[in-house]
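# Any chance you could fold what I've pasted below:
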Amino acid sequence: MNIIKRIITAVTFLTIIPLPNNGVIQPKEFGKSMAYFPLVGLLIGALLIGAQMVLIKIFSPLTTTVLLIAFWSCLTGFLHLEGFVDAIDGFSASSNKERILDVMKDHHCGAKGVVAIVFLIIVKIVLLSDIPAYLLTPALVLTPAVSRWVMVAASLCPHASNETGLGKTFVENSGSTEVVIASIILMIAGLSLLRIQFIVLMIPVLILVLLFLSYVIRKINGVTGDILGAMNELIEAACLGTFVLLR
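Now for the predicted structure:
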């Protein structure tokens with residue numbers, strides 16, 4: 001029963017899908033639900049495939065891609081895009097740890113954050129439209145799953161000392177068990193859809209994750225909810241780019 005509850009918690013946090021979740025969720029359950037983040041990613045991917053199949057019958061390929069990216073963002077309630085913007089604003093504002101964290105807590109968008117998010121969306125549209133048809137289904141399914149797995153793996157890092165948001169609750173209450181479960185889910189899906197090419201997909205992802213986390217930890221000594229959201233967006237773009245190269 002706990003597994004079902006944790007899956008529901010993960011779905012309701014990562015998406016706007018309304019599911020019944022009775023009772024107050026304990027902080028521990030937030031962390032434990034991270035084990036099923038890749039499963040939610042697979043659900044998002046399935047919905048994207050359904051949307052793509054409908055949209056392509058009505059619109060041109062380019063319009064379909066634009067609407068698909070819009071649906072993708074709406075489906076997650078713009079949660080990770082917000083973290084991406086906050087992270088860009090924070091790291092571009094100062095090299096001082098406290099100042100970076102203060103700026104990230106301010107939910108007003110700065111000019112650099114706005115430019116970055118516009119650039120990110122354009123990159124996603126271009127990359128998604130360039131993925132060959134035979135790789136489109138694996139790309140739509142695995143990209144959200146891989147990016148959510150990365151969030152789980154990054155939760156093993158220490159949290160930034162003055163982080164007070166929901167991200168701290170997730171990071172503090174998750175551990176290696178959640179990473180193992182999330183990894184098993186992702187490996188089963190990835191190897192089923194791509195076989196050995198899944199390993200090729202993961203190589204640039206892991207390199208980018210290590211580089212990004214080393215930079216973040218050097219700057220603010222840990223991760224925050226905004227950092228996890230920013231990582232999700234960067235990894236989605238990296239996955240789409242890798243699928244383009246897999247042609």
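# Correct me if wrong: residue 227 contacts residue 86.
No - under the criterion of Cβ atoms under 8 Å, residue 227 is not in contact with residue 86, lying 9.0 Å apart. C-betas here are computed from N, CA, C, even on glycine.
# For this protein, just list every one of the helices.
All helices of the chain, identified by DSSP state H, fall at 2-14, 27-33, 37-55, 61-75, 79-93, 97-105, 111-130, 133-154, 166-172, 176-194, 197-220, 225-245.
# Let me know which of the ones you listed is the nearest to residue 21.
Nearest to residue 21 among the helices of the chain is helix 2-14; the distance by Cβ to Cβ comes to 5.2 Å.
# Give me the mean pLDDT for the closest one.
Mean pLDDT, computed over helix 2-14, is 91.
# That one versus helix 225-245: what angle between them?
90 degrees (axes from the mean of the first three to the mean of the last three Cα atoms, to 10 degrees).
# hmm, back to that, in terms of neighbours, single out the busier of residue 227 and residue 86.
residue 227 (31 against 25; other Cβ atoms under 10 Å).
# ok, now how distant is that one from residue 29?
22 Å (Cβ to Cβ, to the nearest Å).
# same question, residue 150
Using Cβ to Cβ, we find residue 150 at a distance of 21 Å from residue 29.
# So those two - more neighbours on which side?
Comparing residue 150 with residue 29 by other Cβ under 10 Å, the one with more neighbours is residue 150, at 29 against 18.
# Pull the distance from the helix or strand bottoming out on mean pLDDT in the chain to the chain's centre.
Here the helix or strand of the chain ranked lowest by mean pLDDT, DSSP states H and E is helix 166-172, holding a mean of 72. Put simply, helix 166-172 sits 15 Å off its chain's centre (Cα atoms, centre = their mean, to the nearest Å).
# cool, and stretch 117-130?
15 Å.
# ok, now stretch 57-72?
That offset, for stretch 57-72, works out to 20 Å (Cα atoms, centre = their mean).
# how about it: buried residues?
Buried residues in stretch 57-72, defined by neighbour count with 16 or more other Cβ atoms under 10 Å: 64-69, 71-72.
# got a list of contacts for it?
In this structure, residues lying in contact with stretch 57-72 by Cβ atoms under 8 Å, 6 or more residues apart in numbering are 44, 48, 51-52, 55-56, 121, 124-125, 128-129, 144.
# ok, and the most crowded of those?
That'd be residue 144 among the contacts of stretch 57-72, by other Cβ under 10 Å, with 30 neighbours.
# what about the closest residue in space to residue 241 that isn't next to it in sequence, distance to residue 240?
Once flanking residues are discounted, residue 241 sits nearest to residue 127: 5.3 Å by Cβ to Cβ, 6 or more residues apart in numbering. Noted for residue 127: a distance of 4 Å to residue 240, by Cβ to Cβ.
# Could I get the average pLDDT for stretch 198-206?
95.
# ok, and what's touching it?
With Cβ under 8 Å, 6+ apart, stretch 198-206 has contacts from 142, 146, 150, 187, 190-191, 194, 235, 238-239, 241-243, 246.
# Can I get it in PDB, CA atoms only?
What follows is stretch 198-206, C-alpha atoms only, in PDB (Å, rounded to 0.1, in the frame of the first residue of the first chain):
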ATOM      1  CA  PHE A 198      20.600   3.100 -24.000                       C
ATOM      2  CA  ILE A 199      24.200   3.000 -22.700                       C
ATOM      3  CA  VAL A 200      25.200   5.400 -25.400                       C
ATOM      4  CA  LEU A 201      22.400   7.700 -24.400                       C
ATOM      5  CA  MET A 202      23.500   7.700 -20.700                       C
ATOM      6  CA  ILE A 203      27.100   8.500 -21.300                       C
ATOM      7  CA  PRO A 204      26.700  12.200 -22.200                       C
ATOM      8  CA  VAL A 205      24.000  12.500 -19.500                       C
ATOM      9  CA  LEU A 206      26.300  11.200 -16.800                       C
END
